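K.L.:
got a sequence here, can you model it:
(2 chains)
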Amino acid sequence: MKTIDIMRRAGRNLRQAKGRTFLTSLAIAVGAFTLTLSLAAGQGAREYADNLLKNNIDPRALFIVKDAKITSTSASSSLQEYSDDLGSSAATGRSVAIKMMTTDDIKKLEGRSDIEQVIPIYQLQAKYVTFQGVDKKYVAPITYFDSSTLVEASAGTVPALGVQIGDDEILVPQEFVDTLNMRAEELVGKKVTLIVTQSTATPTTDQITQAFMTGGDQAVKELLKPQTKEFSYMVRGVIKPSAMAITSNPRLHVSTNSAKAINDYANAGSAEGNKFFGVTALAKSDRNPETVKQAIQKDYGYTVQTAKDAQSLLFTFVNILQGIVAGFAMLALVASVFGIINTQYISVLERTSQIGLMKALGMRRRDIAKLFRYEAAWIGFIGGSLGVGLGLAVGWAANPVITKSLDLGDSSLLIFVWWQLAILIVALIIVAISAGWLPARKAARLDPIEALRTE
Amino acid sequence: MGCEVIEVQAVSKTYGKKKNIFTALRDVSFEIADGASVAIVGKSGSGKSTLMHVMSGLDKPEEGQIVIGGENILTFKPKQMDKFRSSEMSFIFQSFFVQGNESCYNNVSLPLEIANVPFRARKAKVERSLAAVELTEKRRSRARDLSGGQKQRLAIARAIVNEPKILFADEPTGNLDSATGEVVQDLLFRYNKENGTTLIVVTHDEDLAKRCDMQVYIKDGEIVKMTGAKS
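P.N.:
Next comes the predicted model:
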């Protein structure tokens, strides 16, 4: 019997049991629907992450640390050997001691021919901040402006990608402007002053004795009193909060030179002064960041992350989430497999005499098995298309809402890729066929004489 | 083909094992001329249906041979047997076994599909067959909507569509009233006479048996009487 004829008969058999066919395929449709949405959400999340990184990180950017513990999440619980470049746990906010980079280490990196713009990661702290025209003092986190990330201005100007701000300039996030009860435009051109405290080195007994000798109590107090210094900048622009920005707390941004100046002052004399837990750098434009990474890791044993590494980290997260959803969809599919087996068994029992007749007429066992397998295939196809179609409809309806509520801007969370959906439907057909295997075999093995015995 | 003589040679068939052994056929032998009509007559449980199954290759006897056109069909491999049945044989049953949810057209088309008749050649054959049983009008109706007599006529159309050499009819009028039964009988015998198809009718109806060229009476798996046979 020709395959096309068997397929036609299989299709007609299903059409004549519409309700049953529909309900059986509905079970598959549930799985297909979930899988469609998980595929689309995964795709959307990956594209969103990709956009996010493209907009925020220069592909040449390298993040170099001396101690692998900074980039790994596992903290070592074993006893660690002391070395001079270990930073105190307070400096890193971690419960483990971390090997810090010294000025010498940074000099070595600066001397390399394959990277440029080596900037230590400064930990900047101001005692308080004042804004021109506002009486109150504020506490604000400060960072240096990273020219490899792109920002948008809601007032004033921000530099283009790769360009640093001036040493007398500062960028203020929109969130701060809101707190100040000012309009962004008003703040541009105003002065912002950071009051930075110097963490003095603990005076030696000799110093204290000498101070007491010369100036008495007063002089000792003076010696122990922390010094402060004002750093003033002009507001160049206000940074707009962006959906495409990697979420971080709003911060004041100064230039890298200013950051160095603040850092040098604040840490003068202290043990932490010229130690940093890492640096950022850019691979020279004619070098492949990956090769540079390998070279640095080989030369100094540092741990280096490229922009791609950051991307793969995000992707791993997306993949795990997608896997969980897909897992539930698989459970739904397993349930639907039993549905198909059950339905097809009943179908075989109902059509015993029909199968017997077909055998008497000389239909091959193989063809009878095919007839039932194709019916299962049709169920898989109908269920798969139904689920995928429903998924598309939901995606189409929900995408604008999700985009709006999550503030995603121009991107959509659910992105459908036609070839993924085509593969999904084909896979469901295969699943359905394998579910129909046992009932089909039962039909093929039916004894025609038994089947044709008149009731 | 030409001389499709059917020879049943010393056929024995048993069911069950040891204590529960049941002999359905015991040393049955006879010969049917090409194009003849034969009635296998017996009460229910006499073994007449088993004989039909054995002759059509659906069932295998323990002993004996079924020789059709010079070949022992019992030695055929399953594939060969299926092909032989689809091209040379056909069946009509007491309970019709038409596919209720298929249209009359598709019911008749089934044997052609099984025999791999090309799509284009099918239509003419199906139409001719439906016309022969006067069901042309019902071409698109579902088989389940037909009356009993119509269903059996549809079964006849299905049985003759591929022009078989041998037509088996198992109690073809058993489920019909005498008037419609008459019509079905007429159709069968007319087809037998006009096309030279060998007709083998299994029945317990004496009147139907008498219309055949030859009668084989079976009781407890043994031939008790044969009438009209060529000596």
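
K.L.:
can you tell me the SS state at the residue lying closest to residue A:27 once chain neighbours are set aside?
P.N.:
Residue nearest to residue A:27 in three dimensions, not counting chain neighbours: residue A:336, with 3.5 Å by CB to CB, 6 or more residues apart in numbering or on different chains. Every residue, glycine included, has its C-beta placed from N, CA and C. Per DSSP: H, G, I helix; E, B strand; the rest coil, the local secondary structure of residue A:336 is helix.

K.L.:
so who does residue A:336 touch?
P.N.:
Neighbour list for residue A:336: A:24, A:27, A:28, A:30, A:31, A:383, A:435 [criterion: CB atoms under 8 Å, 6 or more residues apart in numbering or on different chains].

K.L.:
which parts of chain B are strands?
P.N.:
Assigned by DSSP state E, chain B shows strands spanning B:6-15, B:22-32, B:37-41, B:63-68, B:71-72, B:89-92, B:166-170, B:198-203, B:214-219, B:222-227.

K.L.:
tell me, how many residues neighbour residue 215?
P.N.:
Reading this off chain A. 13 (other CB atoms under 10 Å in any protein chain shown).

K.L.:
not what I meant, chain B
P.N.:
21.

K.L.:
ok so, going back, any idea which of the strands of chain B gets closest to chain A?
P.N.:
strand B:89-92 (5.2 Å; CB to the nearest CB).

K.L.:
in chain B, which residue is closest to the centre?
P.N.:
The centroid of chain B falls nearest to residue B:168 when counting by CA atoms, centre = their mean (0.9 Å).

K.L.:
that residue pairs with what?
P.N.:
residue B:91, residue B:200 (DSSP bridges).

K.L.:
how about the residues of chain B that lie near chain A?
P.N.:
Within chain B, the positions adjacent to chain A are B:53, B:56, B:58-59, B:78-79, B:81-87, B:89-91, B:93-95, B:97, B:99, B:101-102, B:106, B:110-111, B:113-116, B:170-171 by CB under 8 Å from any CB of the partner chain.

K.L.:
tell me which residues touch residue 127, please.
P.N.:
Here I'm looking at chain A. So residue A:127 contacts A:195, A:196, A:197, A:228 (CB under 8 Å, 6+ apart).

K.L.:
you looked at the wrong chain, it should be chain B
P.N.:
So residue B:127 contacts B:136, B:139 (CB under 8 Å, 6+ apart).

K.L.:
ok, it to residue B:100 distance?
P.N.:
Distance, residue B:127 to residue B:100, by CB to CB, to the nearest Å: 22 Å.

K.L.:
how close does whichever residue of chain A sits closest to chain B get to residue B:56?
P.N.:
Using CB to the nearest CB, residue A:362 is the residue of chain A that sits closest to chain B, at 2.8 Å. Distance, residue A:362 to residue B:56, using CB to CB: 10 Å.

K.L.:
shared neighbours of these two, anything?
P.N.:
B:85, B:89.

K.L.:
put the buried members of the residues of chain B next to chain A into a PyMOL selection.
P.N.:
Per 16 or more other CB atoms under 10 Å in any protein chain shown, the buried members of those correspond to this PyMOL selection:
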select buried, chain B and resi 53+56+58+59+81+82+83+84+85+86+87+89+90+91+93+94+95+97+99+101+102+106+110+111+113+114+115+170+171
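
K.L.:
the residues of chain B next to chain A in helices, which ones?
P.N.:
B:53, B:78-79, B:81-87, B:106, B:110-111, B:113-114 (DSSP state H).
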